[in-house]
Each structure stands twice: as C-alpha cells, then as structure tokens.
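Fold the stuff below for me.
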Amino acid sequence: MTDNKQRIEQEKRYDIFKNIHGDLMIKIRARMDDITKPSLVYDGSEHAVLYRNGANAVILDYIHYGVRQDFLKARQILVVEMTDQSIVREYVLPVQQVKKLPLALEDVNA
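All right, here's what the predicted structure looks like:
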C-alpha cells in the first residue's frame, strides 16, 4: 500500500470454525493488499479487530458467545482469506488480549 492512512473495515460476513482440539480458524473476504505482521486484538466481548498490516484493520463484530471463551484462551488463530470459493491466502496470527479494543495500530502494545 502506498498511502499511510489507516483503513478500518467492518467485515460484513465471516465464519469462525473450531476443530476438536479447540483451535480456531476465521474465514474472511480476501483483500488485495499485503499481509505484514498480522495480529488479532480481542477484549473478551463480542468484537475483535484483525490487523492485517500497518494500514488495514478489519473489525469482526458480534462474535458468537459460543466461541468467546476460545478466543480468550487462544494464543494464535488461523485466518483464511477467500474470494468466492478460492483461497487467496492463509496465515496464522497471534491473539492479543486487551481491556478495551483500540482501533489505531499504534495504540496496540506489540
């Protein structure tokens, strides 16, 4: 990305899967910009912010109550980005627990 302005998007449709070991995977719509040091920030409620890079954040609203405890326990989550039925990329990102969700990347303690 060439501009330095942070873009925050709300993911309108996403899926969360949990395997028998309790590992989580999130399926989201693919974005075309690169992934650089992705992370997920979660405060224990129904919202999380997925930082794909220093300029792109994706808000995951209304996380199902059935997986909130799994989010709190998770140290990392697999993310799969798709267009239609094709996987564009997948990556594992760390989960950071916070008291209150920040939206600006510089507010997140790395």
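
CA only for contacts and neighbour counts going forward, please
Noted.

Using CSV, list the CA coordinates for the helix or strand hosting residue 88.
Using DSSP states H and E, residue 88 sits in strand 86-97. Taking Å, rounded to 0.1, in the frame of the first residue of the first chain, the C-alpha atoms of strand 86-97 are listed here in CSV:
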residue,chain,number,x,y,z
SER,A,86,-11.0,-19.8,-3.9
ILE,A,87,-8.5,-19.5,-1.1
VAL,A,88,-6.3,-16.4,-1.8
ARG,A,89,-4.1,-16.7,1.3
GLU,A,90,-3.9,-18.2,4.8
TYR,A,91,-1.8,-17.2,7.7
VAL,A,92,-1.6,-17.7,11.4
LEU,A,93,-1.7,-14.7,13.6
PRO,A,94,-1.2,-14.0,17.3
VAL,A,95,-4.1,-13.1,19.6
GLN,A,96,-3.6,-10.2,22.0
GLN,A,97,-6.0,-9.8,24.9
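
Okay, now the sheet partners of that strand, with direction.
strand 39-42 (parallel), strand 76-83 (antiparallel) (DSSP bridges).

Can you list the strands that the helix or strand of the chain with the lowest mean pLDDT pairs with?
Ranked by mean pLDDT, DSSP states H and E, the weakest helix or strand in the chain is strand 7-10, scoring a mean of 86. In the sheet, strand 7-10 lines up against strand 56-60 (parallel) (DSSP bridges).

next SSE after the strand it pairs with?
helix 65-73.

If you compare the directions of that next one and strand 86-97, what angle comes out?
70 degrees (axes from the mean of the first three to the mean of the last three Cα atoms, to 10 degrees).
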